[in-house]
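Asks: Mind folding the following:
(one chain, ligands or ions: 1)
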Amino acid sequence: MNIKSTNMKKIMEKYTTIHALGMSTGLGLWDMRVNMLKDASEDRGKMRSIITGLYQDMMLNKEFLDLINVAEKEDLTLYEKAIIRSLKRETKFYLAIPPDVLKEYIKLTTVAYNEWVKARAKSDFSIFEPYLGKIAEFSRKFAELLRYENEPYDAMLDRYEEGILARDFDEMFTGIKKKIVPVFKKLADDRSHALENEPYNEERLKDFIIYVVRKFGYNFNRGRLDKTTHPFTMSIGMNDVRITTRYEGGKDFRMPLLGSIHEFGHAIYDMQIDPSLNWTPLASGSITYSLGIHESQSRFWENMVGRSREFIEAFHDVLIAFMPNIAMYGTEEIYRYFNIVRPNYIRVEADELCYPMHILLRYELERDMMNEKINISELPQVWNEKMENYMGIIPPDDARGCLQDPHWSRMFGYFPTYAMGTILAAQIKRKLENEIGPLGEFIRAKNFGPVTNWQKENIHKYSSLYTPKELVKTALGEPMNVEYFAKHVKKYVELWS
Ligand SMILES: [Zn+2]
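Replies: Next up, the predicted model:
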């Protein structure tokens, strides 16, 4: 994709430095989550807030803003228009939020994250409560400054999902309540599987995970796999896309494996963005502007590939070579172990069917916290009530309840995109199969090239060239639809009823 306009060329020249600062922020965040020393958090917070300040200064440079405003009126290509749209969206945030407020917020999130870690370790909500209160205040302040359509929460949602409002999400969650909740309630049972108690050797499992993601197409010259508390993927440019996983407890290998496959799904997206978008605002836009579509890629690999019968059959030999202690379990047993349906306290450990209940709960709670419908101090209690309502269980402590996720140490508005990803993954599978044939056959043959290639051509290469709604329509030919996921979950009815 070429730049024709002279003003656009000037914009891109200036943007290169801004992009480098963005990359260094990403690298700092990765290091904070993977390597940071216990006593370094205060200095690191200061460092991050200074770099963010520099980034903001450059974004708001008058000459830069003037260039954007002039170029916007020119006759631009689709690509140039998307760059302007992306920059306007980014500058909108920095123009709306005064530098002092932003600096204070960045410092707060660094401390809040560490307080969350402490609170979770001690299962003591009172440690995190004052920081959560401040995050809620900041979210309301941001919403007022950014302006919103119908309710303050819309402004927060837009940060993660460009142009998608609470009313769009309401439609999706209504679909989930009508079509998925009843299936979950019917099938949910306190099941367990002997494999959940089988120990694993961390190094051997890591080797197996590396084998799997490499087969899928993960390039270790452009990526790496590390250990962390809360798994994530970090792009430091499209040629350095790092994934992380957690090994907790030394047994139940399903979680680190499927978690890593999930992160692979995120990583392959960023690795397959059109190289001509590198060093442009569109290179990292897929994360900034549509977390839901990004999550659809991770959910696709985790649920449609990783939890499939074909995956277990195709990788069984290698799995047993790495973990000889599970050799007595056949593929059908492992398939059942990968697809247990039961109420689960922990979102990241929840099965595919239980997962949307977790998001529904967080969606309602963060909306209520933002709208001051609940007091922050009541959170543990309201959390537990909703948990009982949707899943029929009450967490034994807050570490397994409202303290389980780090998200609220940063901001509100992020969670609904997870459900969007889960719903879209099923819809994407259907479309892909219509065009290139049954996914199961590619998995059986360990021939993942055609699958990643379809994803590249239909989704990944565009990055944020289109808005999320446009991209869904372009790639899938229709808007998001819960119906495909409702059909997909019939596999659980067959397995467990
Ligand atoms: Zn994810």
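
Asks: Can you tell me how far Ala321 is from Glu494?
Replies: 30 Å (C-beta to C-beta, to the nearest Å). Placement of C-beta: from N, CA and C, glycine included.

Asks: So which of those two has more stuff around it?
Replies: Shown here are Ala321 and Glu494; by other C-beta atoms under 10 Å, Ala321 has more neighbours (13 against 7).

Asks: Could you check the host helix or strand of that one and say which residues are buried?
Replies: Taking DSSP states H and E as the definition, Ala321 sits inside helix 309-322. By 16 or more other C-beta atoms under 10 Å, the buried positions in helix 309-322 come out as 309-316, 319-320, 322.

Asks: what's the most distant pair in these?
Replies: Arg309 and Phe322 (20.0 Å; C-beta to C-beta).

Asks: So for the closest residue to the ion within the stretch 51-200 of the chain, what's the nearest residue that isn't a sequence neighbour?
Replies: Nearest to the ion in the stretch 51-200 of the chain, going by C-beta to the ion, is Tyr160, at a distance of 12.2 Å. Spatial nearest neighbour of Tyr160, excluding adjacent residues (C-beta to C-beta, 6 or more residues apart in numbering): Leu291 at 4.6 Å.

Asks: Which one of the residues in the chain is closest to the ion?
Replies: Counting by C-beta to the ion, the chain gets nearest to the ion through Ser298 (4.1 Å).

Asks: Report the contact partners of that residue.
Replies: Contact analysis of Ser298 by C-beta atoms under 8 Å, 6 or more residues apart in numbering lists 233, 262-266, 421.

Asks: Also Asp368?
Replies: By C-beta under 8 Å, 6+ apart, the neighbours of Asp368 are 374, 382.

Asks: Just say helix, strand or coil for it.
Replies: Judged by DSSP: H, G, I helix; E, B strand; the rest coil, the three-state class of Asp368 is helix.

Asks: That one and Leu132: what is the separation?
Replies: 13 Å.

Asks: likewise Ala419?
Replies: 22 Å.

Asks: Same drill for these two, tell me which one is more crowded.
Replies: Ala419 (28 against 22).

Asks: Spell out the secondary structure type for the nearest residue to Glu349 once chain neighbours are set aside.
Replies: Nearest residue to Glu349 in three dimensions, chain neighbours excluded: Met255, at 5.9 Å (C-beta to C-beta, 6+ apart). Of the three states, Met255 takes helix under three-state DSSP.

Asks: partners of the longest strand anywhere in the chain, with directions?
Replies: Looking only at the chain and at elements set by DSSP state E, the strand with the highest residue count is strand 241-245. If you go by DSSP bridges, strand 241-245 pairs up with strand 225-227 (parallel), strand 233-235 (antiparallel).

Asks: for those strands, which one ends up most surrounded?
Replies: strand 233-235 (a mean of 23; mean count of other C-beta atoms under 10 Å).

Asks: who's in contact with that one?
Replies: 26-27, 29-30, 241-244, 263, 266-267, 270, 284, 287, 298.

Asks: What residues does the residue most central in space within the chain make contact with?
Replies: The C-alpha lying nearest the average C-alpha coordinate of the chain belongs to Glu295 (C-alpha atoms, centre = their mean; 4.9 Å). Glu295 sits next to 266, 417-418, 420-422, 424 when contact means C-beta under 8 Å, 6+ apart.

Asks: now those as CSV including secondary structure?
Replies: Listed next are these as CSV, based on three-state DSSP:
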residue, secondary structure
His266, helix
Thr417, helix
Tyr418, helix
Met420, helix
Gly421, helix
Thr422, helix
Leu424, helix
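
Asks: Adding neighbour count as columns, could you present those in a markdown table?
Replies: Formatted as a markdown table, the contacts of Glu295 follow (neighbours: other C-beta atoms under 10 Å):
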| residue | neighbour count |
| --- | --- |
| His266 | 26 |
| Thr417 | 23 |
| Tyr418 | 22 |
| Met420 | 28 |
| Gly421 | 28 |
| Thr422 | 26 |
| Leu424 | 27 |
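
Asks: Can you name the residues that contact Val493?
Replies: Contacts of Val493 (C-beta under 8 Å, 6+ apart): 183, 186-187.

Asks: Give me the buried positions along the longest helix anywhere in the chain.
Replies: As assigned by DSSP state H, the longest helix anywhere in the chain is helix 6-34. By 16+ other C-beta under 10 Å, the buried positions in helix 6-34 come out as 7-8, 10-12, 14-15, 18-19, 21-26, 28-30, 32-34.

Asks: With stretch 430-449 instead?
Replies: Applying 16+ other C-beta under 10 Å to stretch 430-449 flags 430-433, 439-440, 442-443, 448 as buried.

Asks: Tabulate those residues (JSON lines), appending distance to the ion.
Replies: JSON lines is the format used below for the buried residues of stretch 430-449 (distance: C-beta to the ion, whole Å):
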{"residue": "Arg430", "distance to the ion": "21"}
{"residue": "Lys431", "distance to the ion": "20"}
{"residue": "Leu432", "distance to the ion": "19"}
{"residue": "Glu433", "distance to the ion": "23"}
{"residue": "Leu439", "distance to the ion": "20"}
{"residue": "Gly440", "distance to the ion": "23"}
{"residue": "Phe442", "distance to the ion": "22"}
{"residue": "Ile443", "distance to the ion": "21"}
{"residue": "Phe448", "distance to the ion": "19"}
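
Asks: Just send these back as TSV, with secondary structure and pLDDT too.
Replies: Converted to TSV, the buried residues of stretch 430-449 look like this (DSSP: H, G, I helix; E, B strand; the rest coil; pLDDT from 0 to 100):
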residue	secondary structure	pLDDT
Arg430	helix	97
Lys431	helix	98
Leu432	helix	98
Glu433	helix	98
Leu439	helix	98
Gly440	helix	98
Phe442	helix	98
Ile443	helix	98
Phe448	coil	98
